[in-house]
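*Asks:* Need the 3D shape of this:
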Amino acid sequence: MWISSIVPVRKKNGQIRVCVDFRDLNNACPKDDFPLPIAELMIDATIGHKALSFMDGSSGYNQIRMAPADEELTAFRTPKGIYCYKVMPFGLKNVGATYQRAMQKIFDDMLHKNVECYVDDLVVKSKKRENHFHDLRKRGIEIEQAKIDAILRMPEPQNIHELKSLQGKLAYLRRFISNLADRCQPFSRLMKKDVPFQWDEVCDKAFKSIKSYLMKPPVLVAPVPGRPLILYVAAQERSVGILLAQKNDEGKENALYYLSRMMTPNELKYSPIEKLCLALIFSIQKLKHYF
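*Replies:* Purely as a prediction, here's the structure:
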């Protein structure tokens, strides 16, 4: 019999949530490889719709019953005794895959038409009613302004923790920023162990360049099915950069996706043609769902 322990976790609002530590049980469970939707494709699928309704399943996981034979495996100890779940709890290894499978079965004939589903988050979309959007507009995919403002208001990092916070915010916007890895290259040496944190002019120039870029961020578009895609790859001295684009009805190229990453020490030794091949392989791995 498996018996797990309870763990108190502080929520963002300061309240305490009591969770069950299922790590030992999860390590003994085989993984359910049922695929989750690709977030980028779900975002692209909303373009052109004039109304979007977002819904979150209320205690979604708890709406699915545990198999009776598996209930006792979820047992956990409390000061009042040992209890187990009769419904699917949060924290088990395969609950996300199980819930996604159920949602796809329920919304089978609606998915990718007027419903998109990512686990317990649903989007119902319509092309018939005009409306204004906060971060998705008729003309394309835009960065949420609050995400931009959070970076523009940031002072220069004073320590490694503040630098990690900056890089975390930039990672959220990486699809929109061309050659992000190259722009952040001056920061990389500060992330190394046993290197004193010293914000110099090179770092400051890179930080200001990123802020300047975000003052006028690009508007991306969703790919039009059946229309050729254009892939640009570039190998910088220490990074690779990719742009996925597509021509619109007027023949103008529109950006769909920016992608970049730093090279490893071994990759820095590659010849120029090998670096271009590296960029091509990287783009295929990350953007294969578009092809």
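
*Asks:* Tell me, how many residues neighbour the nearest residue to residue 93 once chain neighbours are set aside?
*Replies:* The spatial neighbour of residue 93 that comes closest, neighbours along the chain excluded (Cβ to Cβ, 6 or more residues apart in numbering), is residue 26 at 4.0 Å. C-beta coordinates here come from the backbone N, C-alpha and C atoms, glycine included. For residue 26, the tally of surrounding residues (other Cβ atoms under 10 Å) stands at 14.

*Asks:* Can you pull the domain assignment for the chain?
*Replies:* 5-126, 138-214, 230-290 (automatic domain parsing).

*Asks:* Put together CSV for those, with mean pLDDT and distance to residue 220 on each row.
*Replies:* CSV is the format used below for the domains of the chain (pLDDT from 0 to 100; distance: least, Cβ to Cβ, whole Å):
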stretch, mean pLDDT, distance to residue 220
domain 5-126, 87, 9
domain 138-214, 90, 4
domain 230-290, 93, 5
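
*Asks:* would you turn those domains into JSON lines with distance to residue 221?
*Replies:* JSON lines is the format used below for these (distance: least, Cβ to Cβ, whole Å):
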{"stretch": "domain 5-126", "distance to residue 221": "7"}
{"stretch": "domain 138-214", "distance to residue 221": "5"}
{"stretch": "domain 230-290", "distance to residue 221": "4"}
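
*Asks:* what's the closest of those to residue 222?
*Replies:* For those, the distance to residue 222 is smallest for domain 5-126, at 3.7 Å, taking Cβ to Cβ.

*Asks:* which residues of the chain fall in helices?
*Replies:* Along the chain, counting by DSSP state H, helices occupy 23-28, 39-44, 95-106, 145-152, 160-172, 180-183, 185-188, 201-215, 272-287.

*Asks:* for the ones you listed, which one sits closest to residue 65?
*Replies:* helix 95-106 (11.0 Å).

*Asks:* by contact count, what packs against the closest one?
*Replies:* Here helix 95-106 touches strand 115-118, going by 3 or more Cβ pairs under 8 Å, 6 or more residues apart in numbering; DSSP states H and E.

*Asks:* Give me the buried stretch members for the strand it packs on, please.
*Replies:* 115-117 (16 or more other Cβ atoms under 10 Å).

*Asks:* so how far is it from its chain's centroid?
*Replies:* 16 Å (Cα atoms, centre = their mean, to the nearest Å).

*Asks:* Give me the helices and strands touching it, please.
*Replies:* Partner elements for strand 115-118 (3+ Cβ pairs under 8 Å, 6+ apart): helix 39-44, helix 95-106, strand 121-126.

*Asks:* now those in a markdown table, with mean neighbour count and distance to residue 69?
*Replies:* Listed next are those as a markdown table, based on neighbours: other Cβ atoms under 10 Å; distance: least, Cβ to Cβ, whole Å:
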| stretch | mean neighbour count | distance to residue 69 |
| --- | --- | --- |
| helix 39-44 | 15 | 35 |
| helix 95-106 | 16 | 15 |
| strand 121-126 | 16 | 30 |
